[in-house]
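> sequence first, predicted coordinates after that:
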Amino acid sequence: MTPSVLLSDPEKRIEAEAAGAVEAAPELQLRIRGLRKSYPGRGLVLDGIELDVFKGEAVALIGSNGCGKSTLLRCSLRLIEPDEAETSFLGHEVQNLRRSALRKLRAKVGFVFQKHNLVLRSSVLTNVIHGSFARMPGFQVWSQATAPKHIREEAMYCLQRVGLAHLAASRADRLSGGESQRVALARALMQRPQFLMADEPVASLDPRVGDEVMDLLLGLTRQEDLTLLYVSHNLDHALKFADRIVGIQKGQVRLNAPANTLSTSALRELYGASDDG
Ligand SMILES: Nc1ncnc2c1ncn2[C@@H]1O[C@H](COP(=O)(O)OP(=O)(O)OP(=O)(O)O)[C@@H](O)[C@H]1O
Ligand SMILES: [Mg+2]
């Protein structure tokens, strides 16, 4: 066993980790402290959120309608400006970043929304290629016709990862809801993200397809060594497709526990009083 004195001495700990004597401490990829956000006419929505997400984790964020889950996700990248927050994301102090650095940080985070936001008149392959915008700005990646060969090949690979390579040439408006969300996932992979955020990614899918897409989302997170933070109103999904569940109530984190220690009834307690309005 590793003597505890080793663990308390940072240099010795690093040597011991290198020698495989102790497990490396998990990397903290997202650390939010004191997040407050109010909206005009609504008042305070988030009132001192504290949240840590470690590399490789899948974390489900739950809470009643209007409690501020989407606001929290967006504030973490300043897609919405928080009133106050200290946020460290992938090693960057988000509150201090200028516009171009913020853009670079956002490019490392793949977003998947309930609405897939595909360009409906374009092909599936073109939609996936659009995922490379952030790292390859320019007209070339507007379309599969102008994209360089290696980008087309990478987009095909991303489509394979979501099981839809055979639909590459189809127009996006021909796809089912489940297929569309898989394409949105392939587009997010095309970003080569380090972190995935998903806001109710399967809310508009039927139960079977919703399960399949959640399974895919978590599977890709594991295979690609990513980190996943997603919002869900489906408590079974939160229990099945997350390592940890974080519950928001009245603007604060009221639940933060490993999924395998929780049950549906424990999670339901979070929904006692509405946070909406
Ligand atoms: N731009 C805005 N202006 C005013 N109020 C807003 C704005 N955006 C969100 N709100 C309000 O802030 C609260 C939190 O909204 P948010 O969308 O973050 O909640 P949520 O937990 O994601 O809800 P849901 O589960 O319904 O998606 C809600 O009461 C919402 O009406
Ligand atoms: Mg929401």
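Perfect, I can see it now. Ligands and ions are numbered 1, 2, ... in the order given.

> low-confidence ranges in the stretch 1-150 of the chain?
Scanning the stretch 1-150 of the chain for pLDDT under 70 picks out 1-23, 137, 139, 141.

> show me what from it comes close to ligand 1.
The stretch 1-150 of the chain comes close to ligand 1 at residues Tyr39, Gly41, Arg42, Val45, Gly63, Asn65, Gly66, Cys67, Gly68, Lys69, Ser70, Thr71, as judged by C-beta under 6 Å from any ligand atom. Bear in mind the C-beta positions are built from the backbone N, C-alpha and C, glycine included.

> repeat that for 8 Å
Contacts of the stretch 1-150 of the chain with ligand 1, taken as C-beta under 8 Å from any ligand atom, map to 39-42, 45, 63-72, 74, 80.

> now the residues you listed: which count as buried?
Buried by 16 or more other C-beta atoms under 10 Å: Val45, Gly63, Ser64, Cys67, Gly68, Lys69, Ser70, Thr71, Leu72, Arg74, out of these.

> among the residues you listed, which are located in strands?
The strands, defined by DSSP state E, take in Val45 from those.

> out of the buried ones among the residues of the stretch 1-150 of the chain next to ligand 1, what pair is the most spread apart?
Ser64 and Arg74 (18.1 Å; C-beta to C-beta).

> mind listing the strands for the chain?
28-39, 43-54, 58-62, 84-89, 92-93, 109-113, 195-199, 227-231, 244-249, 252-258.

> now do the contacts for the spatially closest residue to Leu267 that is not a sequence neighbour.
Leaving aside its chain neighbours, Leu267 sits nearest to Leu235 (4.8 Å; criterion: C-beta to C-beta, 6 or more residues apart in numbering). The contact partners of Leu235, by C-beta atoms under 8 Å, 6 or more residues apart in numbering, come to Ile62, Thr264, Leu267, Arg268.

> good, we can wrap up now.
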